[in-house]
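Student: I'd like to go over a predicted model; first the sequence, then the structure.
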Amino acid sequence: MKKKIYIAGCGGMLGEAFYNQFNNDYILKCTDKDVNDIWLSFLDFRDFDKYKKDVLDFKPDYLFHLGAYTDLEFCELNADETYITNTLSVENAVFIANELDIPLLYISTAGIFDGKKDLYDDWDIPNPLGVYARAKYMGERFVVENSKRYLVCRAGWMMGAGPKKDKKFIQKLMSQLKENKKELFIVDDKDGTPTYTQDFAKNVKLLIEKEFWGLYNMVCGGQTSRLEVARELMKILHLEDKVKITTVSSDYFKKTYFAERPPCERLDNRKLRMRNLNLMREWQPALKEYIETYYKDYLK
């Protein structure tokens, strides 16, 4: 008998990967306020009564709470809405999972650290800088402190799902290339770790099946920078000689990206490694697979 998973906030880039990785082995109910795929149904998880009823009616074995506002500038300008979506809704998910006595999955972020260290393991204490980071960290803390059984997985610089759903760094570069830009301005003062959504979902699946509950860093291997990622992307696309990369400091984009970001968001999957459960590949082959799978005809 297949087990059932209710996935809330499943319409984004991560939701697509969870649907891909779990759909064959589990019975899924995937919901979002943006119904952008045939396998999604409508639910705004900020409405606690409707969220609770929908989950209880489905009677799942697991509750995955994926959705969040991830646009840092939007979060800075809309603090209350951000806390309702990224913190209070997570608290609601905890209440629902506890009532059903089922495990809860919550997605946290490398962005909850202040960036003063070069590398953060699973036991480093976060110090969030802005509204987004603070709201996500308060969600993480509530899950850890109040859930009966939980999995908190911290992702880094997310990449996945292709042009339709990727709103992050890779897609921003790809859309500039599609516009035939011959020069890319890339910051050289931001370090972090890319996280391929498919690898992330696979690793979550392993932890669920092994029942290793708790908090885990879950990013691709090989700490890096925005600049190195951009250079690797040009290499994969064979555009090293055709597109110029010009390095700039974060101040160059200050008008557009005014929310404070940590200078370093590098995570170490220390706990996954120590448990011999680390499926996350190095970021370079993961990026190559991502581009070859999702952007095959994009630049033609």
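Tutor: Thanks, I have the structure now. Residues are numbered from 1 along each chain as shown.
Student: Now do the helices in the stretch 201-300 of the chain.
Tutor: All helices of the stretch 201-300 of the chain, identified by DSSP state H, counting those that start in this stretch, fall at 226-236, 270-274, 283-294.
Student: Same list (the ones you listed) but as a markdown table, adding mean pLDDT, distance to residue 178 and mean neighbour count.
Tutor: Where you see a C-beta, it was placed from the backbone N, CA and C, and this is true even at glycine. Below are the helices of the stretch 201-300 of the chain laid out as a markdown table (pLDDT from 0 to 100; distance: least, C-beta to C-beta, whole Å; neighbours: other C-beta atoms under 10 Å):
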| stretch | mean pLDDT | distance to residue 178 | mean neighbour count |
| --- | --- | --- | --- |
| helix 226-236 | 96 | 13 | 18 |
| helix 270-274 | 98 | 35 | 16 |
| helix 283-294 | 97 | 13 | 18 |
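Student: and of these, who's closest to residue 166?
Tutor: helix 283-294 (7.8 Å; C-beta to C-beta).
Student: how deep is residue 195 tucked in, by neighbour count?
Tutor: For residue 195, the neighbour count with other C-beta atoms under 10 Å is 28.
Student: nope, residue 25 is what I meant
Tutor: 12.
Student: Could you do the one 5 residues further on as well?
Tutor: When neighbours are counted by other C-beta under 10 Å, residue 30 registers 25.
Student: what's the answer for residue 282, then?
Tutor: Residue 282: 12 surrounding residues under other C-beta under 10 Å.
Student: Was I right to think it contacts residue 223?
Tutor: No. Using C-beta atoms under 8 Å, residue 282 makes no contact with residue 223, being 10.6 Å away.
Student: With residue 94 as the reference, measure out to residue 171.
Tutor: With distances taken as C-beta to C-beta, to the nearest Å, residue 171 is found 32 Å from residue 94.
Student: Turn the helices of the stretch 201-300 of the chain into JSON lines, including distance to residue 129.
Tutor: Listed next are those as JSON lines, based on distance: least, C-beta to C-beta, whole Å:
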{"stretch": "helix 226-236", "distance to residue 129": "17"}
{"stretch": "helix 270-274", "distance to residue 129": "23"}
{"stretch": "helix 283-294", "distance to residue 129": "24"}
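Student: And these: which comes nearest residue 45?
Tutor: When the helices of the stretch 201-300 of the chain are compared for distance to residue 45 using C-beta to C-beta, the nearest one is helix 283-294, at 26.6 Å.
Student: got the angle for that closest one vs helix 226-236?
Tutor: Interaxial angle, helix 283-294 versus helix 226-236 (axes from the mean of the first three to the mean of the last three C-alpha atoms, to 10 degrees): 50 degrees.
Student: Could you pull out the helices in the stretch 1-150 of the chain for me?
Tutor: Along the stretch 1-150 of the chain, the stretches classed as helices by DSSP H, counting those that start in this stretch are 13-22, 48-58, 72-77, 79-83, 89-100, 131-146.
Student: do you know which of the ones you listed lies nearest residue 190?
Tutor: Between residue 190 and the helices of the stretch 1-150 of the chain, the tightest spacing by C-beta to C-beta is seen for helix 72-77, at 12.5 Å.
Student: All the strands of the stretch 201-300 of the chain, residue numbers only.
Tutor: Assigned by DSSP state E, counting those that start in this stretch, the strands in the stretch 201-300 of the chain fall at 214-217, 224-225, 244-248.
Student: and these, which one's lowest on average pLDDT?
Tutor: Looking over the strands of the stretch 201-300 of the chain, mean pLDDT reaches its minimum on strand 224-225, with a mean of 92.
Student: Mean neighbour count, distance to residue 167 and mean pLDDT added to the helices of the stretch 1-150 of the chain, as CSV?
Tutor: Shown next, in CSV, are the helices of the stretch 1-150 of the chain (neighbours: other C-beta atoms under 10 Å; distance: least, C-beta to C-beta, whole Å; pLDDT from 0 to 100):
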stretch, mean neighbour count, distance to residue 167, mean pLDDT
helix 13-22, 22, 7, 98
helix 48-58, 16, 24, 98
helix 72-77, 17, 11, 97
helix 79-83, 16, 16, 98
helix 89-100, 21, 20, 98
helix 131-146, 21, 14, 98
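Student: Show me the one of the ones you listed that comes nearest residue 287.
Tutor: Closest to residue 287 of the helices of the stretch 1-150 of the chain is helix 13-22 (C-beta to C-beta; 14.2 Å).
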